[in-house]
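> Mind folding the following:
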Amino acid sequence: MTPRKMNSRMAAIIVALAATATPLFAQIGHIQVDENGNMTINGNPGPPGVIGIEPISGLQALCYQLPGYAGNPGDIVLFSGFEPPSANERSDVIRFPGNGNMYFFSLIDDQDTGPADLADVPAFPAIIAPNVFLLEQGAEGNNGAQWQPGPGGIGGDAANPNLQYSFISDVPEPSSLALLLVGAGIFLGSNFLRRRVLFY
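Numbering: from 1, shown residues only. Predicted structure coming up:
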């Protein structure tokens with residue numbers, strides 16, 4: 001093969017690779033995170049959240065690494081709509097310090113009997129500017145909020161103008177499902193044993 005043909009084939013391969021890589025990496029469309037360290041990026045699993053120190057407040061929080069961009073600084077403050085309107089309180093603070101990470105603070109619920117979530121904290125940091133306040137949507141125990149920052153908004157990025165976040169504030173307690181499965185197992189097991197006894 002002549003050097004000229006080899007160069008043209010190499011160029012074709014590079015162009016083809018660039019064309020297939022662009023849709024995967026150039027645009028981040030949707031990021032979803034919850035209080036237990038689970039992250040998806042465009043519907044695919046992302047890096048799990050880990051406990052870290054948020055640099056502005058110096059407080060411990062659940063930290064998610066953003067996929068290749070800094071994220072415009074600011075706070076997203078979530079309010080629960082399940083108390084009377086006069087008693088609405090902050091339930092979560094999602095902070096973008098502008099360092100490529102997102103920090104999730106969730107106030108410990110004194111009525112929660114399940115295990116603590118990774119994002120649970122005893123107190124919130126002081127809110128920083130800019131900030132936006134969002135009302136949680138969905139049923140109690142499985143609710144959250146959506147945020148579309150645009151290129152200049154909190155958590156936004158100029159290279160990802162259609163970026164959208166889903167913050168899952170509450171996740172269904174695994175203990176409820178576990179109890180249901182245990183109960184079903186006991187019921188089925190007792191029926192099975194009773195039938196075996198009847199046939200002997």
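> Let's see the pLDDT reported for residue 93.
If you check residue 93, the pLDDT there is 96.
> Hmm, it is touching residue 125, no?
Yes - with contact defined as CB atoms under 8 Å, residue 93 reaches residue 125; the gap is 6.8 Å. The C-beta positions use only the backbone N, C-alpha and C, and glycine is treated the same way.
> list residues touching both of those two?
Common contacts of residue 93 and residue 125, defined by CB atoms under 8 Å, 6 or more residues apart in numbering, comprise residue 105.
> Among the two, which residue is more densely surrounded?
Set side by side, residue 93 and residue 125 give different neighbour counts by other CB atoms under 10 Å, the larger being at residue 93 (25 against 17).
> backbone phi and psi for that one, please?
Phi and psi for residue 93, reported as degrees, to the nearest 10, are phi -130, psi 120.
> Could you find the closest non-adjacent residue to it?
residue 105 (4.4 Å; CB to CB, 6 or more residues apart in numbering).
> From residue 62, how far out is the one you found?
8 Å (CB to CB, to the nearest Å).
> One more: residue 149?
For residue 149, the distance to residue 62 - CB to CB - is 20 Å.
> Give me the more crowded residue out of the two.
Taking other CB under 10 Å, residue 149 and residue 62 do not tie; residue 62 has more neighbours (26 against 21).
> where in the protein is pLDDT low?
Low-confidence segments of the chain, defined by pLDDT under 70: 1-26, 81-88, 109-114, 140-141, 170-200.
> Kindly recompute the last result at 50.
For the chain, residues meeting the criterion pLDDT under 50 lie at 5-7, 10-25, 85-87, 173, 175-199.
> where do the helices sit along it?
3-25, 174-199 (DSSP state H).
> what's the neighbour count on the residue nearest to residue 93?
Residues lying near residue 105 (other CB under 10 Å) number 26.
> same question, the one 3 residues further on
Using other CB under 10 Å, residue 108 is surrounded by 12 other residues.
> Could you pull up the residues touching it?
116, 120, 121, 122.
> Pull out the buried residues from stretch 126-134.
Within stretch 126-134, the residues scored as buried using 16 or more other CB atoms under 10 Å are 128, 132, 134.
> could I get those as JSON lines with distance to residue 79?
Compiled in JSON lines, the buried residues of stretch 126-134 are given as follows (distance: CB to CB, whole Å):
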{"residue": "128", "distance to residue 79": "17"}
{"residue": "132", "distance to residue 79": "11"}
{"residue": "134", "distance to residue 79": "7"}
